[in-house]
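Trainee: Coordinates for the following, if possible.
(one chain, ligands or ions: 2)
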Amino acid sequence: MDPLLEERRYLIPFRSSLLPQIFTDTLVIGSGVAGMRAAIAASGHGEVIVLAKGALRNTNTAWAQGGVAVVLGESDSFASHIADTHAAGAGLCDDGIVRRVVEGGPSALEELLSWGLRVDREADGTIARGREGGHSESRIVHRDGDATGRAISECLHARMVSTANVRVFEGCFALDLLTPSRESGSPVMGAITHHPRYGLQIVWAKATIVATGGAGVLYRETTNPPEATADGQAMAYRAGATLSDMAFMQFHPTTLYLPGAHRALITEAIRGEGAVLLDASHHRFMPEVHELGDLAPRDIVSRAIVQRIARQGGRHVWLDCRGVTDFAGRFPGIARTLAQFDLDGSKDLIPVHPAAHYMIGGVRTDAFGRSDVPGLYAAGEAACTGLHGANRLASNSLLEGLVTGAMAGEACAEMLGASNAWGVPTRSAPAKVISDIPTSDHGELDLDDVRSSLRSAMWRNVGIERTGAKLNDVRDMFDFWSRYTLDKIFDEPEGWEVQNMLLTGALIARSAAWREESRGCHWRDDFPAAREEFRVHDGWKRGMDTPRAEAVLSSVR
Ligand code: FAD
Ligand code: SIN
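Mentor: Ligands and ions are numbered 1, 2, ... in the order given. Next up is the predicted model:
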């Protein structure tokens, strides 16, 4: 990897002692399901600051549609949900965390209900449950059909802001995690932030939780909101944390594919209610591809779609929802989105295309959100706990955010209370942090162009179907672009985001090139089978050319 990608410790030059200082016990970067749940848990044990780089509700969480997977009722069992999670994860799920998250589902839902969440119910009052790909039971709990994420987000937000000790900084961008030195093992002590009104600030914290969500925006086609630029993964890497399983980006098979429409997700739950995929000749093709037909795992459906599109000379495929009972009543949000483009799902075929959806890799943590850097925790999509293995089971991530967010918040609280907490003395700066970056003599940069070139390159070369040659090309490209992009000092989030995207994109490409096999959502045309020697987590740390291979765990770390 280019030295600039490897060595640049901070995005900007600064001297901590010259900037305004804020102190807290726990700093949570991110206001999605994981960040808010973590903040609520940590607030019982000290002061908490929550950062959101945009509006508080601009999160993947608020966009979640299908629902949250929870085992309820006698027809379902933990064993079945655990087995489905492992089957999707293709041999890479760590069993201990799978059990914890699945078994934590009913109480996490119960807690949300006690905090005022309403969910859809059957006529007899029991909780309604939908079905999604890879699940052998109907266990997806939803709200207003396809607005589950927004409802969970609002419920957690109401709870969080009514909790004493929590302060929320909206529109506040975290640039980097602070460590007193560059040495390995140097603890994280908070973050340097930027707010359009208050400028740069230092937030000192005894514990810092990265809950910054995913990386979908690295790809030209994505279901994610514009905030999902992998800042948390990039800043944790720069601070010395291990990032694991970065090759595994999950692609969602069905997003609305119309010029002018953003790639709005068409929830898999629709296929759970009977919708089917058709090729350009209106022929159902999924039953020929997999025994689960249209509800096959996402990687298989996504690959089948891109192959079909190639065979049809680039023409897209269709989602046929005409067989879904009460389409607009069951999926009102999607019906509204379609209506904006003069489409009626109960009558018209919907043009669809896969898009980057969920980042499985991230900051390697144990079940309690602890990274391998003291003081640094991660939760939700930014983390890699080993729950999802090589492919995430649908609707397991809201659940993940609830359970692992709470565990990370509790773990911080526990650490704060422990006598061996390395600690930031209250209200005085624990260290001087100085970042010096040499000035560059390279000229101006068209940031929008770098951003869109990067997203196209990721889609083309690190997308649904990969080869060693395409991955090597993109790594060379990113190394070259880094030389005149990472030497710049920007003063706005747009620049910092592109720098983070470049670093994280390079790590995804690096992990995908190393993984000479096909497993879960990582497909290599040149290595089309899974290989036992790659049934490991690949962990990448600053300064290492090759990953540290970590065995798949059968119990909690
Ligand atoms: P997010 O909810 O993405 O929150 C990230 C937060 O980090 C935001 O507040 C953002 O502002 C903040 N942030 C990021 N960078 C910075 C920075 N530099 N400084 C300050 N703040 C920063 N999962 C399911 O289980 N069921 C579903 O039905 C489902 N449907 C989905 C539908 C869509 C369209 C999408 C995109 C995802 C869906 N998912 C679903 C996945 C799920 O929504 C996410 O994985 C999950 O919500 C991630 O939560 P999070 O808390 O980790 O991150
Ligand atoms: C969907 O509703 O299809 C998305 C569910 C998920 O990503 O978990």
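
Trainee: make it CA atoms for all contacts and neighbour counts henceforth
Mentor: Noted.

Trainee: Confirm that residue 200 sits in a strand.
Mentor: Yes. Counting by DSSP: H, G, I helix; E, B strand; the rest coil, residue 200 falls inside a strand.

Trainee: who are the neighbours in contact with it?
Mentor: 19-20, 192-194 (Cα atoms under 8 Å, 6 or more residues apart in numbering).

Trainee: Up against ligand 1, what does the stretch 1-150 of the chain have?
Mentor: Selection of the stretch 1-150 of the chain residues close to ligand 1 by Cα under 6 Å from any ligand atom yields 29-35, 51-54, 56, 59-61, 63-68.

Trainee: got it, and the stretch 201-350 of the chain?
Mentor: Residues of the stretch 201-350 of the chain lying near ligand 1 by Cα under 6 Å from any ligand atom: 211-214, 223-224, 227, 231-232, 265.

Trainee: Could you list which of the residues you listed belong to helices?
Mentor: If you go by DSSP state H, these have 231-232 in helices.

Trainee: Which residues of this structure lie near ligand 2?
Mentor: 65-66, 267-269, 394-396.

Trainee: Most neighbours among those residues, which one?
Mentor: Of all the residues of the chain next to ligand 2, residue 66 has the most neighbours under the rule other Cα atoms under 10 Å, reaching 28 neighbours.

Trainee: Tell me how far residue 25 lies from ligand 2.
Mentor: Going from residue 25 to ligand 2 by Cα to the nearest ligand atom, to the nearest Å gives 32 Å.

Trainee: Revised request: answer the last question for residue 343.
Mentor: Separation of residue 343 from ligand 2 (Cα to the nearest ligand atom): 19 Å.

Trainee: again, but for residue 383
Mentor: Separation of residue 383 from ligand 2 (Cα to the nearest ligand atom) stands at 16 Å.

Trainee: Same check on residue 193?
Mentor: 30 Å.

Trainee: Where do the strands of the stretch 251-400 of the chain begin and end?
Mentor: Using DSSP state E, counting those that start in this stretch, the strands of the stretch 251-400 of the chain run over 276-278, 317-320, 350-359, 362-364, 376-378, 383-384.

Trainee: Point out the other elements, helices or strands, that the first one touches.
Mentor: Strand 276-278 is packed against strand 317-320, with contacts defined by 3 or more Cα pairs under 8 Å, 6 or more residues apart in numbering; DSSP states H and E.

Trainee: what's whatever helix or strand residue 38 lives in packed up against?
Mentor: Residue 38 is part of helix 33-42, with elements assigned from DSSP states H and E. Applying 3+ Cα pairs under 8 Å, 6+ apart, we find helix 33-42 packed against strand 21-29, strand 48-52, helix 148-161, helix 397-417.

Trainee: any idea of the angle the shortest one forms with helix 33-42?
Mentor: Following axes from the mean of the first three to the mean of the last three Cα atoms, to 10 degrees, one obtains 170 degrees for the angle between strand 48-52 and helix 33-42.

Trainee: Could I get the buried residue list for strand 48-52?
Mentor: By neighbour count, with 16 or more other Cα atoms under 10 Å as the criterion, the buried positions of strand 48-52 are 48-52.

Trainee: Could you pull up the contacting residues of the nearest residue in space to residue 411 that is not next to it in sequence?
Mentor: In space, and not counting its chain neighbours, residue 411 is closest to residue 368: 6.0 Å by Cα to Cα, 6 or more residues apart in numbering. Taking Cα under 8 Å, 6+ apart, we find residue 368 in contact with 404, 407-408, 411.

Trainee: one more time with 10 Å
Mentor: By Cα atoms under 10 Å, 6 or more residues apart in numbering, the residues touching residue 368 are 97, 377-379, 385, 403-412, 556-557.

Trainee: can you check residue 495 too?
Mentor: 11, 445, 447-448, 450-451, 485-486, 488-489, 501.

Trainee: Quick one, grab the pLDDT at residue 132.
Mentor: For residue 132, the pLDDT comes out at 86.

Trainee: no no, residue 428
Mentor: The model reports residue 428 with a pLDDT of 70.

Trainee: Quick check, it in contact with residue 203.
Mentor: No. Checked against Cα atoms under 10 Å, the pair residue 428 and residue 203 is beyond contact range at 11.3 Å.

Trainee: Which SSE is immediately downstream of the helix or strand bottoming out on mean pLDDT in the chain?
Mentor: One helix or strand of the chain scores below all others by mean pLDDT, DSSP states H and E: helix 3-7, with a mean of 76. Counting by DSSP H and E, the next helix or strand C-terminal to helix 3-7 is strand 14-15.

Trainee: ok so, going back, mind putting the strands of the stretch 251-400 of the chain into CSV with mean pLDDT?
Mentor: As requested, the strands of the stretch 251-400 of the chain are arranged in CSV below (pLDDT from 0 to 100):
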stretch, mean pLDDT
strand 276-278, 98
strand 317-320, 98
strand 350-359, 97
strand 362-364, 98
strand 376-378, 98
strand 383-384, 98
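
Trainee: With residue 152 as the reference, name the closest of the ones you listed.
Mentor: Residue 152 lies closest to strand 350-359 among the strands of the stretch 251-400 of the chain, at 18.3 Å (Cα to Cα).

Trainee: shaky segments in the stretch 351-500 of the chain?
Mentor: Along the stretch 351-500 of the chain, segments meeting pLDDT under 70 span 418-427.

Trainee: Return the residues of it in contact with ligand 1.
Mentor: Counting by Cα under 6 Å from any ligand atom, the residues of the stretch 351-500 of the chain that sit close to ligand 1 are 357, 380-382, 395-398, 401.
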